[in-house]
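Novice: Structure for this input, please:
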Amino acid sequence: MAPSCSLFCPFDGRHPRSLHYHAFVAVLLAVFVAAPRADAVTLTWTTFGNGSFNDQNNWFPTKVPDANDFVSFEVGVGSPYTVTFPGNPLDIGGGVAGAIASYSTAYLRVRDSAVAFSVSTQANRGASTYTVASSTQTEANRAIIVGVGAGDNAALSVIHNSFAGGGLTSFSAATATLGDVASSAGTLNMNFGAFNITGSDFTQTQLIVGNGGVGTLNVNIGADVNVTGFNSTVSLGHHASGVGNVTINGAGSTWTNSDQLWIGENGTGTLTLQNGGTLMTSSAAGDSNIIGVFGGSNGAVTIGAGSAWTSTNGIRVGNSGDGSILVTGGGSLSSTGAGLGEGSTSSGTVTVTGAGSTWSSSGTIIVGSTGLGAMSIQSGGSVTTGGALIRGLNSGSGQVLVAGAGSSLSVTTSPLTIGLPEAGFITGSTSLTIHPGASVDVAHEIELNTNGQLNLQGGTLSADSIGSPLVLSQQIQGTFQWTSGTLHVGTFHGSLTNQGGILAPGHSAGRTTIDGNYTQQAAGALEIEIGGTTPETQHDLVYLEGSASLSGQLHLALINSFAPMPAQTFTIMETVGGISGAFSNAANGQRLGMSGGGSFLVQYGAGSAFDPNNIVLSGFAGPGDFDADGDVDGADFVAWQTHFPTASGATLAGGDADGDGDVDGSDFVVWQTHFPTPPSPANAPVPEPQALLIAAMSAIGAWRLRRRKDTLSSPE
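Specialist: Next up, the predicted model:
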């Protein structure tokens, strides 16, 4: 940044603020008389109030500005005023519309706190444009500077103020800076039309919001920002003292950026998209969107309700500085990939939270490297990505959390890799954690490598396989902790311990292969769906290369309207090493009810009527057949009535028709729906259906009354 100069600086415009208007004009006059310029004129707005840009009486020296001139707004009185850019008459005769009025100067400086640019308030006037024509792109000598010197608190607003529907539709320059030097502030409010930055130079930064001071760009009411240069840069928080803030607010308000976008370059940068505002970015410079660029910087992006950031490039969140993205309230982010926490001095976090909040990445999202990377998907947020890599190198780490009802992570075309060693680096900690209500769906494999931690603590995890390609056996090298939640996996390369979750092969019938042993602890469960006689495609199968140690529960369910025959058998688990232990709700030879009604004999282990190394279901009995004698009759009702109500630990023989461990009114409904099936033998006394229903209703009524009394009498 160049130092401040004397009153006229036609190339950088930095000059001290006038404190008294008459003294200011006297100095201007003296300098102008002493040092006239033939090639360009520096014009300063002198009117205390509103006026027309093309009225020479509003300028000192007295002249209408043209494309060679340097213009400055620094009256210094602090009162708001509007500078109008009159449009041409809408009809210049014969029904011919007048051309758009075009205004141009070489440079523009704004130091006043409340300047507005608008069109004429006259009726029957069309639109106008204003172009700041200088093509110089160096930092010290740019076309537009708002907030020039230390102490400036400058603000320029482009507004719509036309009876005829015209407006200052275009405000353009090759380069612009808001908040130039330390202790300055510069704000540009685009409330109408387009703000166009057209410069292109690989070595320069075309739009700077917060150079050394505080810069603010607000895009409102359907206005547009267009940065069209090729392979150059936009910076928010350019120098260490710089603070750059951009807000895109409201439906139709857009920023289209074809340059690199650096949010927090050396200083602090914030970008906020809200109420339907949109950002579209692209660049020839690869992963051109960087949040937290250099060491010590800080960048933050918030994408709110109805708003969207669409990028045809990748995004770096925490390059060497600290970066964050928050997608919330139904906002959306789209990119070709991303890296979070890439540098050793950086941290990068992305949070996608709230129903309808989404992040879609066609490439790979990399969480963690030598820096700290974190991704959090919460409260119904959703992330879909082609691939995902969670890694930590040296002191870096990568952490992903998926939590809350409806929250989801989907990996569609490439592996989800957790922990990836690299030559020359120490492998740091990495983890993926799934909480209740959330889901993670990986179309291909999960690669669980050294120092990788996969925590299923609720919700659902689905994957084609879980293992590690870094060893010949593909046995997992990291840690899988499974305390609760449902696991759907095709192949698990290693021994699997189910501490308290549900193992459910496939989706609507499938196969799980475990290249090791399977241990199911007391809080765990195995869930099997039966929809036909063909294993893997019509009914679930678990295949173990090792042995099974069983505890917990077995859950059975019929699907696809399948009605098994009593003579049919279904092998639901095959083991190489045998079976020990027993399900708490289905010992060998015990009959087990299932969701939707009906029951099977469960056979496994020593004493099984079939292969003791397998779990086999046989002897299907229909819904409501509590005594499994092939019919549904009064004896089954008596079995239900005898054990009603039972809160837990009930069996099919004790009236538990749906296999949920209790005996209640829903079990009676199963019996009632299927009574009688088939008709009972003539010599078997069967209570009349009406008498059975009366008895059942009496039992249920007495139970409800007892529960009500217990509730009323129990202490708080």
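Novice: Okay, strands next: where are they in the stretch 51-200 of the chain?
Specialist: Counting by DSSP state E, counting those that start in this stretch, the segments of the stretch 51-200 of the chain that form strands are 51-52, 59-60, 70-73, 81-84, 101-105, 107-110, 115-118, 128-132, 144-146, 153-158, 168-173, 176-178, 185-190, 194-197.
Novice: What is the neighbour count of Pro507?
Specialist: Residue 507: His, not Pro. For His507, the neighbour count with other CB atoms under 10 Å is 10. Just so you know, the C-beta spots here come from the backbone N, C-alpha and C atoms, and that holds for glycine as well.
Novice: May I have the predicted confidence score for it?
Specialist: Per-residue confidence (pLDDT) for His507: 84.
Novice: Please list all residues in contact with the spatially closest residue to it that is not a sequence neighbour.
Specialist: Closest residue to His507 apart from its sequence neighbours, by CB to CB, 6 or more residues apart in numbering: His488 at 6.1 Å. Contact analysis of His488 by CB atoms under 8 Å, 6 or more residues apart in numbering lists Thr460, Leu461, Ser462, Ala463, Ala504, Pro505, Gly506, His507, Gly510, Thr512.
Novice: ok, of those, which come out buried?
Specialist: By neighbour count, with 16 or more other CB atoms under 10 Å, those hold Thr460, Leu461, Ser462, Ala463, Ala504, Pro505, Gly506, Gly510, Thr512 as buried.
Novice: and the gap between the fourth one and Ala338?
Specialist: Taking CB to CB, to the nearest Å as the criterion, Ala463 is separated from Ala338 by 22 Å.
Novice: Return the item of the contacts of His488 having minimum pLDDT.
Specialist: In terms of pLDDT, the lowest of these is His507, showing 84.
Novice: Against Thr175, how distant is the residue lying closest to Ser157 once chain neighbours are set aside?
Specialist: Excluding the flanking residues, the one nearest Ser157 by CB to CB, 6+ apart is Asn189, at 4.0 Å. Here the distance between Asn189 and Thr175 works out to 19 Å (CB to CB).
Novice: Next, count neighbours for Thr385.
Specialist: Neighbours around Thr385, by other CB under 10 Å: 24.
Novice: and the helix or strand hosting it, what other elements does it pack with?
Specialist: According to DSSP states H and E, Thr385 maps onto strand 382-390. Here strand 382-390 touches strand 358-367, strand 372-378, strand 397-403, strand 408-411, strand 416-418, strand 430-434, going by 3 or more CB pairs under 8 Å, 6 or more residues apart in numbering; DSSP states H and E.
Novice: Can you tell me which of those is most buried?
Specialist: Greatest average neighbour count among the helices and strands packed on strand 382-390 goes to strand 416-418 (a mean of 27), per mean count of other CB atoms under 10 Å.
Novice: what's across from the residue nearest to His507 in the sheet?
Specialist: On DSSP bridges, the residues paired with His488 through beta bridges are Ser462.
Novice: just use 875 as the starting number from now, easier for me
Specialist: Sounds good: first residue 875 from here, last item His1362.
Novice: What separation is there between it and Asn1488?
Specialist: Distance from His1362 to Asn1488, by CB to CB: 22 Å.
Novice: where does Ser1288 fall, helix, sheet strand or coil?
Specialist: Following DSSP: H, G, I helix; E, B strand; the rest coil, we place Ser1288 in the coil state.
Novice: hmm, back to that, now render the strands of the stretch 925-1074 of the chain as a markdown table, adding mean neighbour count and mean pLDDT.
Specialist: Below are the strands of the stretch 925-1074 of the chain laid out as a markdown table (neighbours: other CB atoms under 10 Å; pLDDT from 0 to 100):
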| stretch | mean neighbour count | mean pLDDT |
| --- | --- | --- |
| strand 925-926 | 16 | 94 |
| strand 933-934 | 20 | 96 |
| strand 944-947 | 22 | 97 |
| strand 955-958 | 20 | 94 |
| strand 975-979 | 18 | 95 |
| strand 981-984 | 26 | 98 |
| strand 989-992 | 22 | 94 |
| strand 1002-1006 | 22 | 96 |
| strand 1018-1020 | 28 | 98 |
| strand 1027-1032 | 22 | 97 |
| strand 1042-1047 | 23 | 93 |
| strand 1050-1052 | 30 | 98 |
| strand 1059-1064 | 24 | 98 |
| strand 1068-1071 | 21 | 96 |
